[in-house]
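Engineer: need the 3D shape of this:
(chains A and B)
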Amino acid sequence: MTQSTRRNLRNGLLFVSPWLFGFLTLQVYPILYSLRMSFTEYSGFGDMTDIGWQNFINLFKDDLFWKSAYNTLYYTVLAVPIGVVVAIVIALAMNQKVKEVPVYRAILYLPSILPVFALSLVWVVFLNPKFGLLNRIANLAGIPTVDMLGDPTWTKFAIVLLAQLGAGGPALIFLAGLRGVPTEMLESAQIDGAGPFRRFFYITLPMITPVILYDIVLGLALGLQIFTQAYILTSGAIGGQGMAGPRNSLLFYVFYLYKTAFQYTQMGYASAMAWVLFIVSVILALSVFRWARTWVHYESE
Amino acid sequence: MHDRDPMVVRESFRHMLATKIIPRFVLVLMCLLFLFPFYQMIITSLKTTEELNTFPPTLWPHTFVWTNYSDAVKYITFFRFTLNSLILATGATIGAIFSNSLIAYGFARIQWPGRDKLFFLAVATLFIPFPVTIVALFDIFAKIHWVNTYLPLIVPAFFGQAFFIFLMRQFLMEIPREISEAARIDGSSELQTFGIVILPLLRPAIAVVAIFAAVGAWNDFLTPLLFLNNEELYPLSIGLQFYRSEHNVAYTLLMAASTLVVLPLIVLFLAFQRFFVEGVTVGSVKG
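Structural biologist: Numbers count the residues shown, from 1 in each chain, chains lettered A, B, ... in the order given. Next up is the predicted model:
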């Protein structure tokens, strides 16, 4: 190692040391610490009692664990594709030569930076069967009134709808992707007689697959950790206990984890849940990237 | 006009339809759908409770009850919560600017063995959901007596955040290498090069990070919920829950308060729209 390499190594490590320190203390250590906790019974006070694999065994026999996993999967499977389609539709419309696009862009992007806790509170009013406007709009279209937050078949869809208010962010990324599709390619396809749908599916769509991958990965990560919406839409007040929505239909994984740790003070059991979430997230991320190799198109190919 | 080729006329109409009419229709429809909830938020915040409970709901308040706003800020300790949110946002923003610019510099502008592997690791942590660590973090922070203080909410910002590091690194990579070389030949140390030469050029990226860090802290719900249980320390995100009790929700006041919480963000957005858009799209082009 030459003197300048050594100096650079020292400087580089010094500059990134805040991250390195945070990574070790706020990520690696807590993950290992919760692995330790997951083999114990622990209330947060007093000592941890070793109970071996018991937490994990109980977990697989716990109906609420499966319920929360099912709810989370249900929500994610619904929210991710709908989110991708809504964002692409907005981006395609904004990519046309409509001169007032900046106005639409501001209106559509703005809700995505607003706090989820405030949007969820608005949702309580907006979806209310008595004074909510959503049902009024639906009635105009001939759809009967539905109490979306009171009917377990609709609660998750209510949150999928809420998530669409965040579509403006991904739409901007798709728009940037669409601007990168060479116009000569589209024009020559048009001259060869390809209609707008063929042009979209054979040229535009393959070229924005990297952005689709990015959006899917982001959507999966957010879907797995969904919490605030469920907390606010179900608990009437701070520390509100009881069911997470009608028939626990909004008991999402992280919500159950939170309740287990901080309302039922079963820190050991909650740590086992955290570890399952950790493993599932890693496996899911790896398999999405592997799967992506079969359909994501990169320029260099 | 009548002697124009009908094929051309039809083609140009179809072109209009595809590039002007349909996109406009889609965008206007989307905007309306996006605006409805906020429309409801604002009209609800101005109604009397009696009017709120009439069916069918009125689309425009009969009388504008502006006192809902003054009542809303008295119903809970609204100003205390606002001040707390501002303190948290300021702390998180200072931390984010300070740490991420240093870290990104180390990853972008110094050549050292192992750098790219560590950077890959930093980006990979984006895929680890934060809730994986909350149980352990709570226990750790409880043991060092950080629970019920702002330390768990502000200190982590001083250790960088993967997304911000990525964003600033993208920006730093585009600054020509020669600029640093020149400073180095003049005898500047790495820290001087960073502070005197690079930092001024990094201002737009710092603005993006500052805005996203501030908005992120203002919007955060889970972290304050976890680490604070003293009412006097609550930020707005938690404080707003006090309009609701088990049996009663003060809807009109709740919507007035929600409007007040959202308003600063709208102002911030309109003032710095460019930075918001830059922050969202920075990774997409190359990522």
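Engineer: quick one: the helices in the stretch 51-200 of chain B?
Structural biologist: If DSSP state H, counting those that start in this stretch is used as the criterion, the helices of the stretch 51-200 of chain B fall at B:67-75, B:78-108, B:115-124, B:134-143, B:151-154, B:162-173, B:177-185, B:190-192, B:199-201.
Engineer: what's the closest of those helices to residue B:12?
Structural biologist: Of all the helices of the stretch 51-200 of chain B, helix B:162-173 sits nearest to residue B:12, with 41.8 Å by C-beta to C-beta. In this view, the C-beta of every residue, glycine as well, is placed from N, C-alpha and C.
Engineer: what is the neighbour count of residue 98?
Structural biologist: Going with chain A. The tally of other residues near residue A:98 (other C-beta atoms under 10 Å in any protein chain shown) stands at 17.
Engineer: the chain in question should be chain B.
Structural biologist: Residue B:98 is flanked by 15 other residues according to other C-beta under 10 Å.
Engineer: try residue B:280
Structural biologist: Counted with other C-beta under 10 Å, residue B:280 comes out at 23.
Engineer: mean pLDDT and distance to chain A for the helices of the stretch 51-200 of chain B - can I get that in CSV?
Structural biologist: Below are the helices of the stretch 51-200 of chain B laid out as CSV (pLDDT from 0 to 100; distance: least, C-beta to the nearest C-beta, whole Å):
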stretch, mean pLDDT, distance to chain A
helix B:67-75, 95, 12
helix B:78-108, 97, 3
helix B:115-124, 95, 6
helix B:134-143, 97, 4
helix B:151-154, 98, 10
helix B:162-173, 94, 7
helix B:177-185, 87, 10
helix B:190-192, 92, 4
helix B:199-201, 93, 13
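Engineer: could you export these as JSON lines, including distance to residue A:57?
Structural biologist: Formatted as JSON lines, those follow (distance: least, C-beta to C-beta, whole Å):
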{"stretch": "helix B:67-75", "distance to residue A:57": "48"}
{"stretch": "helix B:78-108", "distance to residue A:57": "40"}
{"stretch": "helix B:115-124", "distance to residue A:57": "31"}
{"stretch": "helix B:134-143", "distance to residue A:57": "19"}
{"stretch": "helix B:151-154", "distance to residue A:57": "32"}
{"stretch": "helix B:162-173", "distance to residue A:57": "35"}
{"stretch": "helix B:177-185", "distance to residue A:57": "57"}
{"stretch": "helix B:190-192", "distance to residue A:57": "54"}
{"stretch": "helix B:199-201", "distance to residue A:57": "55"}
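Engineer: quick one: closest of those helices to residue A:274.
Structural biologist: Taking C-beta to C-beta, helix B:134-143 is the member of the helices of the stretch 51-200 of chain B nearest to residue A:274, at 5.4 Å.
Engineer: please compute how far the closest one lies from its chain's middle.
Structural biologist: Relative to the chain's own centre, helix B:134-143 is displaced by 26 Å; criterion: C-alpha atoms, centre = their mean, to the nearest Å.
Engineer: contacts for that helix, please.
Structural biologist: Contacts to helix B:134-143, defined as C-beta atoms under 8 Å, 6 or more residues apart in numbering or on different chains, come from residues A:26, A:29-31, A:33-34, A:37, A:44, A:257-258, A:261-262, A:267, A:270-271, A:274, B:147, B:151-152, B:222, B:226-227.
Engineer: ok, and for that helix, which residues are buried?
Structural biologist: Using 16 or more other C-beta atoms under 10 Å in any protein chain shown as the test for burial, helix B:134-143 gives B:134, B:135, B:136, B:137, B:138, B:139, B:140, B:141.
Engineer: ok, stretch A:256-271 next?
Structural biologist: Using 16+ other C-beta under 10 Å as the test for burial, stretch A:256-271 gives A:256-262, A:266-271.
Engineer: does chain B sit close to that stretch?
Structural biologist: Yes: shown here: stretch A:256-271 in contact with chain B (C-beta under 8 Å from any C-beta of the partner chain) through A:257, A:258, A:261, A:262, A:267, A:270, A:271.
Engineer: from the contact counts, what lies against the helix or strand containing residue B:265?
Structural biologist: Here residue B:265, judged by DSSP states H and E, is contained in helix B:251-271. Contacts defined by 3 or more C-beta pairs under 8 Å, 6 or more residues apart in numbering or on different chains; DSSP states H and E place helix B:251-271 against helix A:101-109, helix A:116-126, helix B:22-45, helix B:49-52, helix B:67-75, helix B:203-219.
Engineer: which one of these lies nearest to residue A:245?
Structural biologist: Closest to residue A:245 of the helices and strands packed on helix B:251-271 is helix A:116-126 (C-beta to C-beta; 12.2 Å).
Engineer: and the closest one, how far from the chain's centre?
Structural biologist: The chain centroid and the centroid of helix A:116-126 are separated by 18 Å under C-alpha atoms, centre = their mean.
Engineer: so what does that helix touch, helix or strand wise?
Structural biologist: Contacts defined by 3+ C-beta pairs under 8 Å, 6+ apart place helix A:116-126 against helix A:155-164, helix A:228-234, helix B:22-45, helix B:251-271.
Engineer: again, only this time at 10 Å
Structural biologist: helix A:133-140, helix A:155-164, helix A:228-234, helix B:22-45, helix B:203-219, helix B:222-227, helix B:236-239, helix B:251-271 (3 or more C-beta pairs under 10 Å, 6 or more residues apart in numbering or on different chains; DSSP states H and E).
Engineer: pull out the buried residues from the longest helix seen in chain A.
Structural biologist: Across chain A, the longest stretch assigned as helix under DSSP state H is helix A:63-94. By 16+ other C-beta under 10 Å, the buried positions in helix A:63-94 come out as A:65, A:67-69, A:71-72, A:74-76, A:78-80, A:82-84, A:86-94.
Engineer: among these, which are in reach of chain B?
Structural biologist: When contact is defined as C-beta under 10 Å from any C-beta of the partner chain, the buried residues of helix A:63-94 meet chain B at A:86, A:89, A:90, A:92, A:93, A:94.
Engineer: how far away is the residue minimising distance to the centre of chain B from residue A:102?
Structural biologist: Nearest residue to the geometric centre of chain B (C-alpha atoms, centre = their mean): residue B:215, 3.5 Å. Counting by C-beta to C-beta, to the nearest Å, the gap from residue B:215 to residue A:102 is 21 Å.
Engineer: repeat for residue A:119
Structural biologist: Note on residue A:119: its distance to residue A:102, by C-beta to C-beta, is 23 Å.
Engineer: between these two, point out the one with more neighbours.
Structural biologist: It is residue A:119, of residue A:119 and residue A:102, that has more neighbours when counted by other C-beta under 10 Å, with 25 against 10.
Engineer: which residues does that one contact?
Structural biologist: Contact analysis of residue A:119 by C-beta atoms under 10 Å, 6 or more residues apart in numbering or on different chains lists A:111-112, A:126, A:162-163, A:165-166, A:228-229, A:232, B:37-38, B:41, B:219, B:258, B:262.
Engineer: by neighbours, which of those residues wins?
Structural biologist: residue B:258 (29 neighbours).
Engineer: that one contacts residue B:78, correct?
Structural biologist: No: assessed by C-beta atoms under 10 Å, residue B:258 is found out of contact with residue B:78, at 11.8 Å.
Engineer: who touches both of the two?
Structural biologist: B:72, B:236, B:240.
Engineer: around the first one, how many other residues sit close by?
Structural biologist: Read that as residue B:72. Applying other C-beta under 10 Å, we find 23 other residues in the vicinity of residue B:72.
Engineer: isn't it right up against residue B:236?
Structural biologist: No: assessed by C-beta under 10 Å, residue B:72 is found out of contact with residue B:236, at 11.8 Å.
Engineer: okay, and the common contacts of these two?
Structural biologist: The contact sets of residue B:72 and residue B:236 overlap at B:78, B:257, B:258, B:260 (C-beta under 10 Å, 6+ apart).
Engineer: from residue B:34, how far out is the last one?
Structural biologist: Separation of residue B:260 from residue B:34 (C-beta to C-beta): 20 Å.
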